[in-house]
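A.B. asks: need coordinates for the below:
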Amino acid sequence: MRRLLLLRATEEESLEPGQGVDVLVTHDIERVPSGVAAFLAVGPEGVTLAVTSKTTVRLLSQVAPGSLNRGWKSVLSAGEETARELRAAGVPTVEVPARPGAAGIVEALVSRLAGLHVVWPHGSDADPLPFRSLADRGARLTDLVVYQKTPRAALDSEVLKGVAAGVYGAVAVTSLAALDVFLPALGAMELPASRLVWGAIGPATARAFASRGLPEPKVPSPSTIPGLITLLRET
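C.D. replies: Numbers count the residues shown, from 1 in each chain. Model prediction:
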């Protein structure tokens, strides 16, 4: 059985992909001091905290322990994995909408627009459109970039050689940022992307495949990394 390649934009210490899965990390994380300072300056009273990535939780917890648990009106997470990180960071109550991703948070907040103030700390590559739709409807949005992802100058050469040699039967994509670094590496090896089976962590990521000339990926339900790995192993 051929191996599975898991694309990650950043390192994930708690991730245990299991046997037969190799992880390719494409970016390094750099803190944005001005964004972090702006987040720490936000008064939590009456404010809803929206968190869309585990990286946000880990970075803010490292830079300013306790900053995520400051008496917010409510805390919403884009998924259960991020929610677990928030709870580990000391946030006692985290709401996880049924729909994954930023779209689920926005959907949950549409019915709470009256006096709504949302603070959204995130990475530089996050899609702002879902949250800006709340602002368009009258909510107050504090949109803060607290970290940026910097593409690594070179990817793991052994992994790339494995892709070229057909070692991997499928690629699991957990980040569009990772995909956009990986694809040029494939192109440099003149390896057709259509030879691979593709999987995407969620519907939003999957929708972006067509614009990159890729075949339709398989999408797990629920949208989790273990679910994505299991789905591709069964394919």
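A.B. asks: mind listing what's buried along the biggest helix by length in the chain?
C.D. replies: Assignment by DSSP state H gives helix 176-188 as the longest helix of the chain. Within helix 176-188, the residues that count as buried by 16 or more other Cβ atoms under 10 Å are 176, 177, 178, 179, 181, 182, 185, 186. Backbone N, C-alpha and C define where each C-beta goes, glycine included.
A.B. asks: separation between the most centrally placed residue in the chain and residue 5?
C.D. replies: In the chain, the centroid-proximal residue (Cα atoms, centre = their mean) is residue 53; its distance is 5.1 Å. Using Cβ to Cβ, to the nearest Å, residue 53 is found at 21 Å from residue 5.
A.B. asks: how about low-confidence regions in the protein?
C.D. replies: Within the chain, the segments meeting pLDDT under 70 span 1, 12-16, 189-194.
A.B. asks: mind listing the helices for it?
C.D. replies: All helices of the chain, identified by DSSP H, fall at 33-41, 54-63, 80-88, 101-109, 129-136, 157-164, 176-188, 203-207, 225-234.
A.B. asks: put the alpha carbons of the shortest one into CSV.
C.D. replies: Listed in CSV are the C-alpha atoms of helix 203-207, where the atom choice follows Å, rounded to 0.1, in the frame of the first residue of the first chain:
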residue,chain,number,x,y,z
PRO,A,203,-15.7,22.3,1.9
ALA,A,204,-14.1,25.8,1.8
THR,A,205,-10.7,24.3,1.1
ALA,A,206,-12.2,22.0,-1.5
ARG,A,207,-13.8,24.8,-3.4
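A.B. asks: what's the single longest strand in the protein?
C.D. replies: Ranked by residue count under DSSP state E, the longest strand found in the chain is strand 140-151.
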